[in-house]
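Peer 1: Next one to model:
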Amino acid sequence: MQLSIIIINYNTLRLTCNCIQSIKEKLTGLSYEIILVDNASVECDPELFLEKFPDIILVKSAVNTGFTGGNNLGVEKAQGEYLLLLNSDTELINNAPKICYDYITTHPGVGMVTCQLLYPDGRVQYNCRRFRTIGWELLEVIPLYKFLSKDKRGHLMLHHYFDHQSFADCDWVWGAFMLFPKSIIAQLPQKKLSDDFFMYCEDTLWCWDFKQLGYKIHFLPQAKVMHIHKGSVSKEKWMKVRITGMKNHAQLMKKFYPDWRWYIFAAIYYPKQYAGLWYVKLTGKYH
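Peer 2: Residues are numbered from 1 along each chain as shown. Below you'll find the model as predicted:
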């Protein structure tokens, strides 16, 4: 088995079915299995997935273990040499898993690859990031980056400064699409995907763990996946999610900066983040 695709379902029957169907239509050239982990959904009986897709592996969790817990349950069942963590609100646009698989298997030292994520209307999502540091925060706030050319600024800083139309060597990527060798799991600190966070910021921590092991993380724009991403989330719910993410990120940075440097980071980070929340509150623009 070359690839195990792990999808977490939590009350997203329609979206998850669309995701699985897109895999069956677009993924060719690989031996693969689809492992669907139902995180104690109440929307419907998860057996409905087996009625529609009898060849998938269904894992039913009695409790909601969060994004991290669900993926770890899937990893335990995986038989593939490589793993793909794929969000339930995604649909393959092209043969993205094969493109990423071919790349990672021919590039020693690369521990994870991701794809270009697009909104349903075709807009690019900024899923390619740098780790937050005091230096990066200051660079944005001052902002010295304006002295750089647009192209150099994009590849240096990534996120919304990068157009996501070319290859990039990044620090961390969204958990919506992560393809990596299963063998790395045994090398991780907890011998599984770090579960410090129930949800939000866990993908940053996983990438940090991979980088600490010396692996590179690459972004491939030729692999394309549609990602609804907050498509059904109200502004009010998004605000709560954003605040949770901020708190988790601050906690993560406290792990990186266990000394006085964390207070400097927090003094820069929090005002900037809350300014962004107020912008959303006033304008309603949060996508």
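Peer 1: Counting residues, which strand of the chain comes out longest?
Peer 2: Counting residues, the longest strand in the chain under DSSP state E turns out to be strand 216-227.
Peer 1: Show the average pLDDT along whatever helix or strand comes next after it.
Peer 2: The first helix or strand that comes after strand 216-227 along the chain, using DSSP states H and E, is helix 235-256. Taken as a whole, helix 235-256 has an average pLDDT of 77.
Peer 1: again, but for stretch 279-287
Peer 2: 67.
Peer 1: What of stretch 35-51?
Peer 2: Mean predicted lDDT for stretch 35-51 stands at 94.
Peer 1: buried stuff in the lowest-mean-pLDDT helix or strand in the chain?
Peer 2: Each helix and strand of the chain was given a mean pLDDT (mean pLDDT, DSSP states H and E); the minimum falls on helix 235-256 at a mean of 77. Of the residues in helix 235-256, Arg242, Gly245, Met246, Asn248, His249, Ala250, Leu252, Met253 count as buried by neighbour count, 16 or more other Cβ atoms under 10 Å. C-betas here are computed from N, CA, C, even on glycine.
Peer 1: Now that we have those residues, can you turn them into CSV and tack on distance to Tyr200?
Peer 2: As requested, the buried residues of helix 235-256 are arranged in CSV below (distance: Cβ to Cβ, whole Å):
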residue, distance to Tyr200
Arg242, 9
Gly245, 4
Met246, 9
Asn248, 5
His249, 8
Ala250, 12
Leu252, 10
Met253, 14
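Peer 1: of all those, which comes closest to Gln187?
Peer 2: Of all the buried residues of helix 235-256, Leu252 has the smallest distance to Gln187: 20.2 Å, by Cβ to Cβ.
Peer 1: what's near enough to touch that closest one?
Peer 2: Asp196, Phe197, Cys201, Thr204, Leu205, Trp208 (Cβ atoms under 8 Å, 6 or more residues apart in numbering).
Peer 1: and if you look at Cys115?
Peer 2: Cys115 neighbours (Cβ under 8 Å, 6+ apart): Ala96, Ile99, Cys100, Phe177, Phe219, Leu220, Pro221, Ala223, Lys224, Val225.
Peer 1: how far away is the residue nearest to the second one when sequence neighbours are not counted from Asn94?
Peer 2: The shortest distance from Ile99 to any residue that is not its chain neighbour, by Cβ to Cβ, 6 or more residues apart in numbering, is 4.1 Å, and that residue is Ala223. Counting by Cβ to Cβ, to the nearest Å, the gap between Ala223 and Asn94 amounts to 7 Å.
Peer 1: go on, Leu188?
Peer 2: 30 Å.
Peer 1: All the strands of the protein, in order from the start?
Peer 2: Going by DSSP E, the chain shows strands at 3-9, 32-39, 57-61, 82-86, 90-92, 110-118, 128-129, 168-170, 172-173, 177-181, 216-227.
Peer 1: Tabulate those strands (a markdown table), appending distance to Ser22.
Peer 2: Listed next are the strands of the chain as a markdown table, based on distance: least, Cβ to Cβ, whole Å:
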| stretch | distance to Ser22 |
| --- | --- |
| strand 3-9 | 11 |
| strand 32-39 | 11 |
| strand 57-61 | 18 |
| strand 82-86 | 10 |
| strand 90-92 | 4 |
| strand 110-118 | 13 |
| strand 128-129 | 22 |
| strand 168-170 | 25 |
| strand 172-173 | 20 |
| strand 177-181 | 12 |
| strand 216-227 | 8 |
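Peer 1: Out of the ones you listed, flag the one nearest Trp278.
Peer 2: The nearest among the strands of the chain, by Cβ to Cβ, is strand 128-129 at 22.7 Å.
Peer 1: Indicate each strand paired with that closest one and its parallel or antiparallel sense.
Peer 2: strand 172-173 (antiparallel) (DSSP bridges).
Peer 1: and Ile35, what does it touch?
Peer 2: Contacts for Ile35 (Cβ under 8 Å, 6+ apart) come out as Ser4, Ile5, Ile6, Ile7, Ile56, Ile57, Val59, Gly74, Lys77, Ala78.
Peer 1: Of those residues, which is the most crowded?
Peer 2: Among the contacts of Ile35, the one with the most neighbours (other Cβ atoms under 10 Å) is Ile7, at 27 neighbours.
Peer 1: And the helices in the stretch 1-150 of the chain?
Peer 2: Along the stretch 1-150 of the chain, counting by DSSP state H, counting those that start in this stretch, helices occupy 13-26, 47-52, 66-77, 96-104, 134-141, 150-157.
Peer 1: Could you give the separation of stretch 271-280 from the chain centroid?
Peer 2: 23 Å (Cα atoms, centre = their mean, to the nearest Å).
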